[in-house]
Structures are given as structure tokens and as C-alpha cells.
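**Student:** using only what follows, build the 3D model:
(chains A and B)
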Amino acid sequence: MNILTVSFLLFLLGLLVLYFLVPKRFQWWVLLAFSLGFYALGGLLNLPWILLTALSTWAAARFMQRSAREEKDFLAARKGELSKEERSARKARGKRTRRRAMVLCLVLNVGILCAFKYVHFLLAQANAVAGLFGGEIRDSIHWIVPLGISFYTFQTVGYLCDVYWGKAEAEQNPLRLLLFTSFFPQITQGPISAWNQLSGELFAPHSLDADGFLLGAQRMLWGFFKKMVVANLLAGYVQDVFANYSVYTGLSVFLGALCYSAQIYADFSGYMDIMCGLCQILGIRLTENFERPYFSKSIAEYWRRWHISLGVWFKNYVYYPIAMAKWNQRLGKTAKRRLGKAFGSYLPATVALVVTWLATGLWHGASWGYIAWGGVNGLFIIFSMWMEGPYDRWKKRLKIREEAWLWRAFQVGRTFLLVTFIKVLPEVGSLKDGLGLWKQIFTNHSLPHSLGELLPFVGTYRELGAVLLGIGLMLLVSLLQRKGSVRGLMRRRLPFLVRIGIFVLLFFLILYFGVPASGNLGGFMYAEF
Amino acid sequence: MDKLLEILNDINPDVDYETEDRLIDGKVYDSFSIITLISEISDAFDIELGPEHLIPENFNSAAAMWRMIQGILDEE
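**Tutor:** So this is what the prediction gives:
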């Protein structure tokens, strides 16, 4: 179901009425029914896959918890009877059993994800190899990728690992785990929530609260504005630049790349505002995915502030397990002995970062462009980590103060430009096109002779005015957010009628600019991942 | 405890480990420092640390780390 439609608003109305009318202990049932309904409306054939993932995860988690409890009871009952070696052997046996259950479940669910997401990419690579020997592998697979599979698979993998590590309790009721897996506000674009955080919110009783309703509705409206006015109008510009980069001047293409950065932020954070606002009305606190990312001072910091839940997921379930793996720690120790303490200390983290960033690239899309995108992000982060010592020494020598505003502005500007260049790489088309766009920016120095030549992708200046107003408002909100909630600030500083006026204006801007622009880009950009 | 403080001071000498109790929550230690710390603790105390031990409550202060180390040693 497209959330930018009147049907979705009616769907929400039905949800809210039922959610607050039923006895509180049944509220999560309403959420489950609407989540499955939302999912089924996206295609009934999607349902078996999400059910399989939720049920297999529930069963594996229950099995692991039972095994851990039995082990604990066994050891407690025989305290003092067993030798240290016998206790260790019992623990090792139990851990092996639980690990087998976890691996089996991971192979099943990550296997389904990979099969749907990467089969065409793998066949294309196999075909390229076969072509060298005169052969051909025909790709006649026409699978429809289940809605939100990247997000719900990662969320269930996180839950499974947390139960295995004893960080979360296995849920007894499979339907509650199904709601955690299929909760519709996050199914298509995240956030990827942790069980310990989201379950407390989903299953707690919630009352209708006037403040929560008003603040949630305001945030939803702001999200619709970002998506429908800013992102959708920019989508037209960006599509034009990406299609014609080879004939536009370097400066125009560069402006197009900046438009892409603004578009993807307005699109993705707009969706998050809509869903976080909706959840606020329901009384549910959804994990935040953004923290003013374009004000980051380094690529590493940017990734802690952009799509936060994905970064946390990769850190917890890929980076740390690989960095802490015995083989990797041994590698670090060997390197320490042979190549020095610093090298040995950095090596396990570096190995983990390489895997994490290539996997992050692949998660975003099955193409060499995304693999390169992940690789470039990883390279910057690894390089910064290794160069931290020399950087600090240079800064001391040049007498650069970390807190000086000029230095911070330089860092923010530099990071924003780097992020923009990395972002466009996989989005133009093929990796060759992405590199071609970079080349055009750096090698075509023709100066445009008119505004029309500088901005060949702009349709009307009225639309451009709306885009600039939207970007200006997003910038203002980001600056104000440094001091706390903007809606809270508005409430304290602005009279009621002025506040209402602002949101009415946003509403009419959406109707005037957003509705006609909705044809530029059907859905949300991150739903493609 | 002295051995642990030596490791911590080696990684970041600018922290007062007697009073600091938000090493993780306050982002004093980043993901790279944590990996270095875990490697050093595992070596120094001859214990095996895995992702299951990675919760802020175990690493927010020197005292919490010491309790975790003692717990693992007692279990072994």
C-alpha cells in the first residue's frame, strides 16, 4: 500500500479508532491484524515468506532458550558433584547445540533473502564467466521480492543472535514475534529495531493522549512535506541529471549531485517522520534513524547519524562478532609480535570493517556499484582510523583547535561533499555511469552562460522556489534541533494560532506542489533496498 | 584491578577511571577502542570474551569491567 494515498489515511483512521476502542490488552492484536493486512495488500504471495521467517525464528529461539535453561538447571542440581572439566564439557556441548539451531535458522532466513535479492546478480556474473568460454546462462527467473525482506530478515537475525547470547528472552507467543517481524510502520524502510526495545513498546497498554496525538500529527505532516514537496520535486531534477550527465557542464552535474543528497535525505527522513509521528499517536516510541547526519564531521560519524538502526545492526551482528572472533584475535596477536603493537591492534578491527562495509554495500543493492559504494565508505573509515595518530600530531603542529567553528565548518563541509560523491556512485546506473558522472564534474570546466544553462534540469522557477524553501526549512529545523525538539520549541515560543498557521501552510504546499509531483517517483527510495 | 587500570590508561589516558561510569553510553570508547580493550583484557586475564559480554553495563566503568572479569573467572 502506498502511504502517500488517501487509502492509507483511511487505513490509519480505522487503525486508530480500533486501537483506542478495544481493551488495552488487545491493542497488540489490532496492530498485528493491521500489519498483516498492510502486508497482504502489498501482495498475498509475500505472506508465506514473512510467516516462515517469523515462525522459524520463534522456534529456534525457543529451542535455544530451553537448552540454556536445561543446562543451567543441570549444573545447579549437580553443584559440587562435577569436576571443572565436566562442567566445561557440559557447557561446551550445550553451546554447540544452540549454535547449530541458530546457524540452521540463519541459513534458512538469510538464504531466502539472498536468493530473492542476489539471484539475478549472481547469474549475471556466472553468465559473464560462461561468456568467456562461449557459453550462456539464461536468466529466466521472475521472482517478486517480498516486501521489506531486507528489513524484517535483519530484525529477526538480531533477535535470534540476542537470544543466543543471552541478551534477550525468547518470546513464548509466536504471534507476538510475528507482530515484531511485521509491524507495518517499519516493514518497508525500517528502522531495524531490537527486540528488547520494540517489544516493550508494542505490548504495553497505551491510552489516547491529546499531546501525543497533536505532536505525532505535526511530525507526520512535516514528513509528508519533506517527501512530497522536497524529495518528489527533486526527483525530477535528479533523474534528468543522471540521464544527461554527459551533456551537462561539470558545474550543473555537481549541482545535480547535491540535489540527490537533499532528495535522499528528504525522502528517507520524511518517511521516518511520518512513521515516528504515527507511532507517537499510538503511544509507541520507534527507534530514531537520523540525527542531523549532514552535520557530521567525518564519514564514521555520518554513519552513526544516518540510518542509525542499520549501522547499529551491522556493528552488533557483523562488526563485533568478526572483530572478536578467535581467528581474528589470533591474527591480531601474530601481527603484534611480528609487525608491531599498533599494527596488531588495528588489524582485527580493519578485517571486520572490510567485511562490514562490503556487506553493507551488498545489502543496499546487488550490483558492483553498491559493492564499490560500500568499499569506498569502508576505505575512508579505515584510513581515518589508521591515520588518527598522525592527524592529531599535524593538528597540534598547525595549532588547530578542535572546537574552533571554522575548523568544524570545514570538517562538516568536507564530509558532506565526500558523502555526496560516494552516494551518487551506485545511483546513476551502472558503476561505469557513476564514475562517468564523477569524471564529468572534475573534467568539464565549461561555464554556463545563463541560469537556464546552469540549471538545465529545472522545470519551472516556481517549483524551484518550493524546493529551495523546503531545503531552507529542513536546514533551519536541523539547526534548531541542536537545542532540542523543534515542536517543543515552537510550543514554548510561538502563539497557538501561528503554530496552526505554519502547519496549515505546510498542508497547502503539499497539495499545491506535492500532489502533482508524486508522479516523479512512485514510492520511497529506501523501499528499493 | 591495577592490571585493568593499566590497560585502560594505555588505551585512553585522559579518563578518570575512578569516577567515569559512562564509558560506552557517553561514547568515550568507540567501537575500535572496545575491540582493543577486549583483546587486551582477554590476554591479560586469560579469559574468553564474546559478543555476549558486549553490553554497556559491562563496560561503562572500570568497576563494571572488573566485576565482569571476576564473574567469568569464578564461572571457570
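**Student:** ok and the residue in chain B nearest chain A?
**Tutor:** residue B:52 (3.6 Å; CB to the nearest CB). Every residue, glycine included, has its C-beta placed from N, CA and C.
**Student:** need the residues of the stretch 301-450 of chain A near chain B, please.
**Tutor:** A:315-316, A:319-321, A:323-324, A:326, A:329, A:332-333, A:345-346, A:348-349, A:352, A:385 (CB under 8 Å from any CB of the partner chain).
**Student:** follow-up on the earlier one: may I have the secondary structure class of the residue of chain B closest to chain A?
**Tutor:** Following DSSP: H, G, I helix; E, B strand; the rest coil, the label given to residue B:52 is helix.
**Student:** restricted to helices, list the residues of the stretch 301-450 of chain A next to chain B.
**Tutor:** A:320-321, A:323-324, A:326, A:329, A:332-333, A:345-346, A:348-349, A:352, A:385 (DSSP state H).
**Student:** residue A:327: neighbouring residues, count only.
**Tutor:** 10 (other CB atoms under 10 Å in any protein chain shown).
**Student:** from residue B:45, how far off is it?
**Tutor:** Residue A:327 is 20 Å from residue B:45, where distance means CB to CB, to the nearest Å.
**Student:** mind listing what the closest residue to chain B within the stretch 351-500 of chain A touches?
**Tutor:** Going by CB to the nearest CB, chain B is nearest to residue A:385 of the stretch 351-500 of chain A, at 5.8 Å. Contacts for residue A:385 (CB atoms under 8 Å, 6 or more residues apart in numbering or on different chains) come out as A:300, A:346, A:349, A:350, A:353, B:32.
**Student:** contacts only, for the third one.
**Tutor:** By CB under 8 Å, 6+ apart, the contact set of residue A:349 is A:323, A:385, B:31, B:32, B:35, B:36.
**Student:** contacting residues for the residue of chain B closest to chain A?
**Tutor:** Contacts of residue B:52 by CB under 8 Å, 6+ apart are A:164, A:165, A:166, A:167.
**Student:** show me which of those residues neighbour chain B.
**Tutor:** Applying CB under 8 Å from any CB to the contacts of residue B:52, one finds that A:164, A:165, A:166, A:167 fall near chain B.
**Student:** show me how to select, in PyMOL, the buried members of those.
**Tutor:** In PyMOL syntax, the buried subset of the ones next to chain B among the contacts of residue B:52 is picked out as below (16 or more other CB atoms under 10 Å in any protein chain shown):
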select buried, chain A and resi 164+165+167
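**Student:** nearest to chain B among the ones next to chain B among the contacts of residue B:52?
**Tutor:** Checking those against chain B by CB to the nearest CB gives residue A:165 as the nearest, at 3.6 Å.
**Student:** quick one: pLDDT of the closest residue in space to the closest one that isn't next to it in sequence?
**Tutor:** Once flanking residues are discounted, residue A:165 sits nearest to residue B:52: 3.6 Å by CB to CB, 6 or more residues apart in numbering or on different chains. Looking at residue B:52, its pLDDT stands at 91.
**Student:** so how far is residue A:95 from residue B:52?
**Tutor:** Applying CB to CB to residue B:52 and residue A:95 gives a distance of 10 Å.
**Student:** likewise residue A:499?
**Tutor:** In this view, residue A:499 and residue A:95 are 57 Å apart by CB to CB.
**Student:** for chain A, which residues are neighbours of chain B?
**Tutor:** A:84, A:88, A:161, A:164-167, A:315-316, A:319-321, A:323-324, A:326, A:329, A:332-333, A:345-346, A:348-349, A:352, A:385.
**Student:** now list the buried members of these.
**Tutor:** Applying 16+ other CB under 10 Å to the residues of chain A next to chain B flags A:161, A:164-165, A:167, A:315-316, A:319-321, A:323-324, A:329, A:332-333, A:345-346, A:348-349, A:352, A:385 as buried.
**Student:** ok, back up a step: and the contacts of residue B:52 as a markdown table, adding secondary structure, distance to residue A:423 and pLDDT?
**Tutor:** As requested, the contacts of residue B:52 are exported to a markdown table (DSSP: H, G, I helix; E, B strand; the rest coil; distance: CB to CB, whole Å; pLDDT from 0 to 100):
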| residue | secondary structure | distance to residue A:423 | pLDDT |
| --- | --- | --- | --- |
| A:164 | helix | 35 | 96 |
| A:165 | coil | 34 | 95 |
| A:166 | coil | 38 | 93 |
| A:167 | coil | 33 | 94 |
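**Student:** for these, which one is nearest residue A:70?
**Tutor:** Comparing these against residue A:70 with CB to CB places residue A:166 closest, at 14.2 Å.
**Student:** nearest to the spatial middle of chain B, which residue is it?
**Tutor:** For chain B, the residue nearest the mean C-alpha position is residue B:65 (4.4 Å; CA atoms, centre = their mean).
**Student:** where do the helices of the stretch 101-250 of chain A begin and end?
**Tutor:** A:149-164, A:174-182, A:184-187, A:195-202, A:210-225, A:232-244, A:250-282 (DSSP state H, counting those that start in this stretch).
**Student:** please apply the same query to chain B.
**Tutor:** Under DSSP H, chain B gives helices at B:2-11, B:31-45, B:56-59, B:62-75.
**Student:** how many residues are close by residue A:470?
**Tutor:** Residue A:470: 24 neighbours (other CB under 10 Å).
**Student:** quick one: what helix or strand has it in it?
**Tutor:** helix A:461-481 (DSSP states H and E).
**Student:** next, the buried residues of that helix.
**Tutor:** Across helix A:461-481, burial judged by 16+ other CB under 10 Å covers A:463, A:464, A:466, A:467, A:470, A:471, A:473, A:474, A:478.
**Student:** show me how far it is from its chain's centre.
**Tutor:** How far helix A:461-481 lies from its chain's middle: 23 Å, per CA atoms, centre = their mean, to the nearest Å.
**Student:** need the contact list for residue 42.
**Tutor:** In the absence of a named chain, chain A is used. The contact partners of residue A:42, by CB under 8 Å, 6+ apart, come to A:1, A:147.
**Student:** nope, chain B
**Tutor:** For residue B:42, the contacting residues are A:329, B:48, B:49, by CB under 8 Å, 6+ apart.
**Student:** fine by me, we can end here.
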